[in-house]
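Student: Give me the fold of what follows.
(chains A and B)
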Amino acid sequence: MRRSTLCFWVTLAIGSLTVSGFPQGNTFRSDDPLKADPDQLPIPQPHPVELSQTLDLLENTFSLRPDKDVPIPESENTNTLGAVPDSSWFTNRMGQRVMSIEELVRGPNQLEGPDRSEPWVIIDVKSEGITPGFTIRDGKDEVYFIKFDPPKYPQLATSTEVIATRFFYAFGYHVAENYLSFIRRQDLRISPDARLEDEEGKERPVRESDIDNIFRWAYQESDGTTPVIASRRIPGIPLGHFTYYGTRSDDPNDIFPHQNRRELRGLRVFAAWLNHDDSRSINSLDVYVGEPGEGSVKHYLLDFGSALGSGSVKPQSRRAGNEYIIEGKPIAKAGLTFGIWDRPWRHVKYPDYPAIGRFEADFFQPQLWKPEYPNPAFERMQPEDAFWATRIVLRFTDEMIRAIVDTGQISDPDASNYLVETLIKRRDKIIRYYLPRMNPLDQFQLTGEPGFTLRLEFKNLGLEAGLASASSYQYQWFRFDNGSQGLEPLSEIRPSTESSLAVPQDAAAYLMVRITTSSREQPQWRKRVEVFIRNDFQKPTVVGIQREQ
Amino acid sequence: MKMIYRILFVALLLAQLPFLAAQETANPDSRAEELRERRRQKGQEIVPPKTSGVTKAFIKMEKGEFIRQIKAIRWKDFYPQFGQISPTSGFSLGGRYYKRTGLGLTVEGTASASFTGYRQAAFHFGRFNQMAPHTFLGPNAFGAPFDFGDERPGQVKSFLYLDLRYRYLPREPFFGVGPDSSLEDETTYLLEDGHYGAVAGYQFGRWVGVGVRGSYLKVNTGPGTDDAFPAIGDLFDDNTAPGLARQPDFLRFDSAIFFNFVDTPGNPHKGGEIGLSYSRYDARGDDEFDFDSIALDLRGYLPLGSRQRVLAVRFWASRDNADPGGRVPFYLMDTLGGKETLRGFNQYRFRDARLIYLSAEYRWEAAPGIEGAFFYDTGNVFPESEDIEFKHLEHNIGAGIRFKAMNRVIFRLDVGRGREGTIVHFQFGPSF
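Tutor: Residues are numbered from 1 along each chain as shown, chains lettered A, B, ... in the order given. Predicted structure coming up:
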C-alpha cells in the first residue's frame, strides 16, 4: 500500500476512533458520500466576539504558521469524494453544476436593489476614516450600508465589489447582497436619531453638512448621480468575525479546525485569481440565524472592496498579492543591502484604467500569490485542496467571466475588456499550475445496467483544459472490504485510451479501481486516483475517491 | 405478585429508555450521525470565548478608544494637552479649550508647561484646520505663516484666524553669532515673547498655498536658568549678541507661498516642494532693529530606479537684511543644528543673518513601514553674503531609521556625527 493510501486509512481510522459509541472499521458509511454537513443543529446563541486586527496580523505572521517538521493534515470536512458538503460555511454552486449566466449575474441578490419609491433615511454615518459612508433604511424597511467610489477612481470600488461578490457567491461562499445604485444627494433624508462621533470623540446628531461632505468627497457621474454600493444587511444576529485558525469554543457545530477546512484552504486559489488580498478574518462575519435557542451560526465572507485592482479608495498597492505586510526575507534583503536589492513587483507595469486600478496577469504566479498577511488556512493548502478549487475555477468560461464583469457597469469598454482578459489569463495560469500537479481525472459517474453493461465514466480535466494533446490510462480493479479495508485484485493492470471503463461483474459489496494517467507532457498525472464503488445491484454508486497527493 | 412483575417490567423499561433514545438518534452506520454526535459532545463542553486583556487593549487602540479616552478626559470643552513647547523644552503638559461655533468658526485656547520651566499659552479664533499641517517652511519655527495640510473631507481650504501666543522659554541655548562660534561657549538665555496678530491663507488644491500674517511682537530676554551652562550675559554682551541689552516691540508682517508637487504628501518618493517667504520686522520706536527676512526652502525627491530607493535633497537659505546701520536681533535669527538641520551639532548651534544649508538623504524602504536613511548635512551661517565660503561649511554624516504609518513618518531615530561629536535624535515627524 502506498504511503498516501495508508495515510487515508489511518486518518479515517483515527477519525472513527475519536467518535465513541460507534462501531469501528467501516470505511464507507451508509450515507456516504455526504452531501450536506449537519452543522446547523440548534444551539444557544454564542457570545459575540471582537477581533483585534493588529493581533490577528501578529499571530498569523508569527505564531500560527505551519510547523515545517510536522506534516500538515488533510482537510477534515470533506466527504468521501473529496468534495466539500454543503454547510453553514459553504453551498456547492459552481462546484456541483455549471451555473447559468443568469444565475451568475444575479449572484446572491434576492431583490432588485434598495427601494427607491421613498427617500432613503440615513440612520448612521461613518464620516471619519478612510472610506466615508453611511447606513440607510429604504422604503421597505431594509437596511443597507452605502459605500462610494473615490473621486479620482470612478467605478473602481463599486464595480470591484459587485464583480467580486458574484464570483465568490458562485464559488459557493456565503456573501452579502450587493447592489450597484445611482443616487442623488436630494434622495436622502437624515433620521432625527442618526448620530455620529466627531473628530473630538463627541457624539452628536448628523447634520446635512456631514452628508454634503461625503458627497463632495465621492465621485459623481456627469449626470449628477453618484454610484454607490448598497450592501444589504445580512440577516441574523452578528457574532463577530471568524478566524482562519481553530474553532469557535461556544459553537458546538464548529468541530473542524478552520485551518483544516477545505473551502477555507481552497479559498487561497480563488483569492489569488481575484487578487482578494484582504482575505482575512476582519472581512468575515458570523451571524446567528433562527429563533433564539433554535438557531445556528452561519459564516460569511465580507467586503471585496480590496480585490482585483482596487484598494478600496485607491488602486491596489503594488505590494498587494506579492508580499506580506511583514515578511522577513525581503525586509532583510532590502534592509541589509541598503535598498540595492529591489522588489521585482515594484517594476510591474499596469495599464492606466482608473476604473480598474492595479490588476494584471503577466507577473502573476498563482503559487506565489500572497494575501495581506499569512492566512493559516491558505498556508496549509494541500494539492488536493488546490485541485478542488481549481476544478471550480475551470468551470468559468470566458463568456461567464464577461457576463460577471459586465455587472460592474464599467463605462470604459477598453477597461472592461482589459479586466475580462486579465481574469481569463489569471484563470488559465491557475489551471496550468495546479492541474498538472494531480491526476486530473474527475466527474466519475456510473452508466449502463448494473451487472451487465455498467461502466465507470470520467473526464480528464487536464485534457479538456488543453494541458496535454493526448493521454492514456492504466487501471486495475479490486474487491474492497469495507470493514477491514482489504484489497483483492480482480484484474490485471490494463491499458485504456478511453475515459470509460467496464465495471467487472462481481458480487463484492465494494469495488475499487486504481487509475493512472499517461501523458508525455504531464508526468505527474501518473499519480493514482482510486475510485470506490458501492456495488449495490439496485443502485451502484461512486462512493469514494482517493487521490495520490 | 402481578403487581411486582408489572413494577419490575416498568422499571426495566425505564432503565432501557436512554439506550432506546440513543438507538433512535445514533445510527451506527451514518456519517451524518457521527458528526451530530461529535457536535453533541462539544455542546456538553461548551466554553464561552475568552477575550484576553491584551486583545481588549489592542481592540481599544484600533477603535481609537485610547485617543478618545484621552480626549474624553475633559471638563466641558477643556482637554489635557501633551507635547513639546520647543525642541529644547522636553515634555510638556497643559490644557486646551476647543469649541466650534455654529458659523464654522472655532475657538481654541491652550496653555502648557514643561518640567524644565518652559511655558506657553495661545489663543486662536476663526476658521482654521484642526489637523496639524504636514509641511513647514524652514525648521518648525514658531510663527511660520503656514497652515497647509492634506485635503480631507470637511477640512477648510481657506483660513483666517486671530492668533495670540505667549511663550516663556527659560533655557534656550546660545553659542554666539557667526560661523566661528564655539561649542565651549554654550550659554543659555531666557526668551519671553508674545505674538498678537492674525493669519489668513488659502490652499489652491494640493499644489499651491499662500498665507500672510500680521502681528505685534513683544520680546524679552534674560539670563538662562540652566545651571549646567553659564548665563548668556556671562560670556556675551550686546555687541556679540545683538539685542541682548534691550528688546523693542516689533510690528511683524509675514507672507509665504508654497508649491507642493510631491507624489504623497507626508511620505514623498517623487516630486518636490518649494517654499518662499518674506518677513518684515519693524521695531517700535527704535530703528536699530528694523530688518527684512527672506527664505527659500527647496525639497526634491527622486526615486532611484524604484520607489524603494529615494534620494531626498533639501536646500534652505535665508537672509536677514537689517536696514542701513541697523542690526538683526540674535533671538530672531534663523539657526542651524539640532533635530532638523545639521544633525551632528547641538540644537541652535549656529545663527547669523545669512544661512545656507544643504541636506541629502539616501532613503531606502526595508518594508513599507520601515525606512533606513543615510544622510549628509552641510551648511553654516555668515554675517554677510560676501562672507559665504563653501570651505567654511560645517558637515555631518549620519544614519537613521524611520517608522511610518498611514503615509507619515511617525517617529525617527537619527544619529548624526560632526566634528563636535555624535548626537542621537529621537523625534516625532519627518526630517524633511
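Student: hang on, isn't A:Pro192 packed against A:Arg207?
Tutor: No. A:Pro192 is beyond contact range of A:Arg207, at 11.8 Å (criterion: CB atoms under 8 Å). Any C-beta I mention is one placed from the backbone N, CA and C, and that applies to glycine too.
Student: And the two? Which one has more around it.
Tutor: Between A:Pro192 and A:Arg207, counted using other CB atoms under 10 Å in any protein chain shown, the more crowded position is A:Arg207 (14 against 9).
Student: Got the confidence number for that one?
Tutor: On pLDDT, A:Arg207 comes in at 89.
Student: Could I get the buried residue list for stretch A:367-377?
Tutor: Neighbour counts over stretch A:367-377 (16 or more other CB atoms under 10 Å in any protein chain shown) mark A:Trp369, A:Lys370, A:Pro371, A:Glu372, A:Tyr373, A:Pro374, A:Asn375, A:Pro376, A:Ala377 as buried.
Student: Residues contacting stretch A:329-336, please?
Tutor: A:Glu323, A:Trp341, A:Asp342, A:Arg343, B:Gln308, B:Trp364, B:Glu365, B:Ala366, B:Ala367, B:Ile370, B:Gly372 (CB atoms under 8 Å, 6 or more residues apart in numbering or on different chains).
Student: Put the alpha carbons of it into PDB.
Tutor: What follows is stretch A:329-336, C-alpha atoms only, in PDB (Å, rounded to 0.1, in the frame of the first residue of the first chain):
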ATOM      1  CA  LYS A 329      13.200  37.700   3.700                       C
ATOM      2  CA  PRO A 330      12.500  40.800   1.600                       C
ATOM      3  CA  ILE A 331      12.800  43.100   4.600                       C
ATOM      4  CA  ALA A 332      16.200  41.600   5.400                       C
ATOM      5  CA  LYS A 333      17.400  41.600   1.800                       C
ATOM      6  CA  ALA A 334      16.300  45.200   1.200                       C
ATOM      7  CA  GLY A 335      17.500  46.400   4.700                       C
ATOM      8  CA  LEU A 336      20.900  44.800   4.700                       C
END
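Student: Those residues of the stretch 251-400 of chain B touching chain A, which are they?
Tutor: B:305-309, B:362-370, B:372, B:374 (CB under 8 Å from any CB of the partner chain).
Student: following the helix or strand containing A:Val420, which helix or strand comes up?
Tutor: Here A:Val420 sits within helix A:413-434, counting by DSSP states H and E. Downstream of helix A:413-434, the first helix or strand assigned by DSSP H and E is strand A:441-447.
Student: got a list of contacts for that following strand?
Tutor: A:391, A:454-461, A:499-500, A:503, A:515, A:517, A:529, A:531, A:533, A:540-542, A:545.
Student: Do you know the pLDDT at whichever residue of chain B sits closest to chain A?
Tutor: Residue of chain B nearest chain A, by CB to the nearest CB: B:Trp364 (2.6 Å). At B:Trp364, the model reports a pLDDT of 95.
Student: Could you count how many residues lie near the nearest residue to it once chain neighbours are set aside?
Tutor: Here the nearest residue to B:Trp364 in space, its sequence neighbours aside, is A:Gly339; by CB to CB, 6 or more residues apart in numbering or on different chains that works out to 2.6 Å. For A:Gly339, the tally of surrounding residues (other CB under 10 Å) stands at 22.
Student: likewise B:Thr51?
Tutor: 14.
Student: how about it, secondary structure?
Tutor: With DSSP: H, G, I helix; E, B strand; the rest coil as the basis, B:Thr51 sits in coil.
Student: Was I right to think it contacts A:Val49?
Tutor: Yes. Contact between B:Thr51 and A:Val49 holds when scored by CB under 8 Å: they sit 6.7 Å apart.
Student: Can you lay out the contacts of stretch A:329-336 as JSON lines showing distance to B:Thr55 and secondary structure?
Tutor: Shown next, in JSON lines, are the contacts of stretch A:329-336 (distance: CB to CB, whole Å; DSSP: H, G, I helix; E, B strand; the rest coil):
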{"residue": "A:Glu323", "distance to B:Thr55": "27", "secondary structure": "coil"}
{"residue": "A:Trp341", "distance to B:Thr55": "36", "secondary structure": "coil"}
{"residue": "A:Asp342", "distance to B:Thr55": "37", "secondary structure": "coil"}
{"residue": "A:Arg343", "distance to B:Thr55": "32", "secondary structure": "coil"}
{"residue": "B:Gln308", "distance to B:Thr55": "34", "secondary structure": "coil"}
{"residue": "B:Trp364", "distance to B:Thr55": "35", "secondary structure": "strand"}
{"residue": "B:Glu365", "distance to B:Thr55": "30", "secondary structure": "strand"}
{"residue": "B:Ala366", "distance to B:Thr55": "29", "secondary structure": "strand"}
{"residue": "B:Ala367", "distance to B:Thr55": "25", "secondary structure": "strand"}
{"residue": "B:Ile370", "distance to B:Thr55": "25", "secondary structure": "strand"}
{"residue": "B:Gly372", "distance to B:Thr55": "32", "secondary structure": "strand"}
